[in-house]
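Peer 1: Could you work out the structure for the sequence below:
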Amino acid sequence: MRRVVVTGLGAVTPIGNNVRKMWESIENSKCGIAPITNYDTATRKVTLAGEVKNFNPLDKLDKAEARRMDRFTQFAIVASMEALEDSGIDTSVEDMERCGVMVSSAIGGLSTIEQECNRGNAKGFDRVSPHYIPMSIINMAAGNIAIKLGFHGMCSCVVTACAASTNAIGDAFRQIRDGYQDVIVAGGTEASISSFGIGGFTAMKALSTSTDPNRASIPFDKERSGFVMGEGAGILVLEEYEHAIKRNAHIYCEMVGYGSTCDAFHVTAPDPEGKYAAACMKQAISDAGIKPGDINYINAHGTSTYLNDVSETKAIKLAFSDCYDKLMVSSTKSMTGHLLGASGGVEAIITALSVYKDLVPATINYKVPDEECDLDVVPNEARRVTVNYAMSNSLGFGGHNASIIMKKYK
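Peer 2: Reported below is the predicted structural model:
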């Protein structure tokens, strides 16, 4: 099996519209949650979100192409262009049939769907935009990236709710490791902070109704009451090791393990005992050929919902047995909110940089310990410490579990 390394990173997030700015926010434990500006929340229960700030797609896209893309696709294109530029790959000399795209989303063009439903109700449904379908379907982020970059290899979009982009990255890892592709742009994107999107999650009582940005997304805190919606994109360039070495690429880290399981328990609730999330982590550890004690840090799914944080704690204890108390386990959703299908992509970047820069992000705004979540959650301040191996977990509605492992490159 071939080795796989990370050579490029690109991000658009609530805490920075590129990787450099996002990482500065991570280092400084900055919260990106604020009052929603996308629509009027005066009569709404939920008023806070992790919106992307000051994003202008015309900085990277021309007006015509931007107009034909939903916001989730715009995020993905901009992050992918950053990642490719960061990788230093020269597309003019690559075999483009061995360069692929695996970029996911949980919901896709929800704002476009909402807008066109309103237009249809007002003017008749034969009057909706001819761009409605290609703007809203979930695979169009991946398709537009392939068009923009000229990649002719495998182009796919895994849809596994909030585990989507971690599955995409893991599947891309296997495609390269098993010899099918040399380079894959992988990750996820989401833009669901709309009146319709927030309304749907509010109705199912999944979101925090706190009006205090510092006490809304509080993973593992006993006072947590629901997640905070975020938006953005996280994209990585995965590359076969010898291919990267041959072109003298800068390598952030090596990707070494991937696991994926299903709770097969409930459409929205996780298995309360965390059995299959634990099995997912064990799969990734076995795939990496290491021991549980080799992992230094876990970027947890950590949504700030009561059920997730308790079940994920149990899963970590099951997977790591007698060494779980030596793990650092933080949730960067405390800073970004929950980016749904994009969360795993952004968190994979953060995990890769944790290994590369030897810094473990904090779980910020943590105040009230929960005896059911008795992990080292790296409260409130990032920690400078050597990180040789780090894991990123994503758990999605439908019982989808995905875990990936990054290793320090030497």
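Peer 1: And the spatially closest residue to Tyr366 that is not a sequence neighbour, how far from Lys317?
Peer 2: Excluding its sequence neighbours, the residue lying closest to Tyr366 (C-beta to C-beta, 6 or more residues apart in numbering) is Pro379, at 4.2 Å. Backbone N, C-alpha and C define where each C-beta goes, glycine included. Pro379 sits 19 Å away from Lys317, taking C-beta to C-beta, to the nearest Å as the criterion.
Peer 1: again with Asp171
Peer 2: From Asp171 to Lys317 the distance is 28 Å (C-beta to C-beta).
Peer 1: show me where the chain has strands.
Peer 2: Under the criterion DSSP state E, the chain contains strands at 4-12, 34-35, 48-49, 99-104, 155-156, 183-190, 232-240, 253-262, 297-299, 328-330, 359-360, 383-384, 389-396, 400-407.
Peer 1: name the helices or strands packed onto the fifth one?
Peer 2: Think strand 155-156. strand 99-104, helix 140-149 (3 or more C-beta pairs under 8 Å, 6 or more residues apart in numbering; DSSP states H and E).
Peer 1: does Leu238 have beta-bridge partners, and which?
Peer 2: Val6, Ile184 (DSSP bridges).
Peer 1: Gly8: neighbour count?
Peer 2: If you count neighbours by other C-beta atoms under 10 Å, Gly8 ends up with 24.
Peer 1: quick one: contacts for it?
Peer 2: Residues near Gly8 by C-beta atoms under 8 Å, 6 or more residues apart in numbering: 83-89, 236-237.
Peer 1: what sits against Val19?
Peer 2: Counting by C-beta under 8 Å, 6+ apart, Val19 makes contact with 9-11, 82, 86, 349, 353.
Peer 1: wait, I meant Ala319
Peer 2: Contact analysis of Ala319 by C-beta under 8 Å, 6+ apart lists 277-279, 281-282, 285, 292.
Peer 1: ok, so of these, who is nearest His250?
Peer 2: Nearest to His250 among those is Ile285, at 27.3 Å by C-beta to C-beta.
Peer 1: and the closest residue to that closest one other than its chain neighbours, how many neighbours does it have?
Peer 2: The shortest distance from Ile285 to any non-neighbouring residue, by C-beta to C-beta, 6+ apart, is to Pro292 (5.8 Å). With neighbours defined by other C-beta under 10 Å, the count for Pro292 comes to 19.
Peer 1: From Pro379, how far out is Pro292?
Peer 2: Using C-beta to C-beta, one gets 23 Å for the distance from Pro292 to Pro379.
Peer 1: Asp126 - how many residues pack around it?
Peer 2: A count of nearby residues for Asp126, using other C-beta under 10 Å, gives 6.
Peer 1: ok, back up a step: from the contacts of Gly8, which two are the most distant?
Peer 2: Gly88 and Leu236 (14.2 Å).
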